[in-house]
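Asker: coords please:
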Amino acid sequence: MILTIVRAIQSWKINSSHLYVVLLKHNIFYYICGFLFSVANVFVSLLLDVLSVQILAILATRMHLHLWHANRDAHSSDGLVRIQMSDMAPA
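Answerer: Here you go, the predicted structure:
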């Protein structure tokens, strides 16, 4: 990108017509916007990567806690699971 800008400035010194100046300004603006969007994309992907790891850790911890409570409740009861017939619906 820097080499492109250097070449454009060298060409601008040789040929400084109004159309060339306008095209050069728009081209430099295009490269700057593309670079900034690329940098923003990298930062967002890194942030979301860290955030997704944290969210997965929280969900896994909640799942383990739920399983621990379910296991504790199963061992504290008499071991039999009673299901009401009214809870079963025909398919």
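
Asker: What's the biggest helix in the chain, counting residues?
Answerer: Counting by DSSP state H, the longest helix found in the chain is helix 18-76.

Asker: From the contact counts, what lies against it?
Answerer: When contacts are defined as 3 or more C-beta pairs under 8 Å, 6 or more residues apart in numbering; DSSP states H and E, helix 18-76 packs onto helix 2-14. Every C-beta, even on glycine, is put in place using the N, C-alpha and C of the backbone.

Asker: other SSEs contacting the helix or strand bottoming out on mean pLDDT in the chain?
Answerer: Ranked by mean pLDDT, DSSP states H and E, the weakest helix or strand in the chain is helix 2-14, scoring a mean of 77. Judged by 3+ C-beta pairs under 8 Å, 6+ apart, helix 2-14 is in contact with helix 18-76.

Asker: tell me the mean pLDDT for the longest helix of the chain?
Answerer: Averaged over helix 18-76, pLDDT sits at 82.

Asker: and the angle from that helix to helix 2-14?
Answerer: Going by axes from the mean of the first three to the mean of the last three C-alpha atoms, to 10 degrees, helix 18-76 is angled at 160 degrees with respect to helix 2-14.

Asker: rewinding a little: pull the least confident helix or strand of the chain out as CSV, backbone CA atoms only.
Answerer: Provided in CSV are the C-alpha atoms of helix 2-14 (Å, rounded to 0.1, in the frame of the first residue of the first chain):
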residue,chain,number,x,y,z
ILE,A,2,2.8,2.4,0.8
LEU,A,3,4.5,1.6,-2.5
THR,A,4,1.3,2.4,-4.3
ILE,A,5,1.0,5.8,-2.5
VAL,A,6,4.7,6.6,-3.3
ARG,A,7,4.1,5.7,-7.0
ALA,A,8,0.9,7.8,-7.1
ILE,A,9,2.7,10.8,-5.6
GLN,A,10,5.5,10.5,-8.1
SER,A,11,3.0,10.3,-11.0
TRP,A,12,1.1,13.3,-9.6
LYS,A,13,4.2,15.4,-9.7
ILE,A,14,4.7,14.6,-13.3
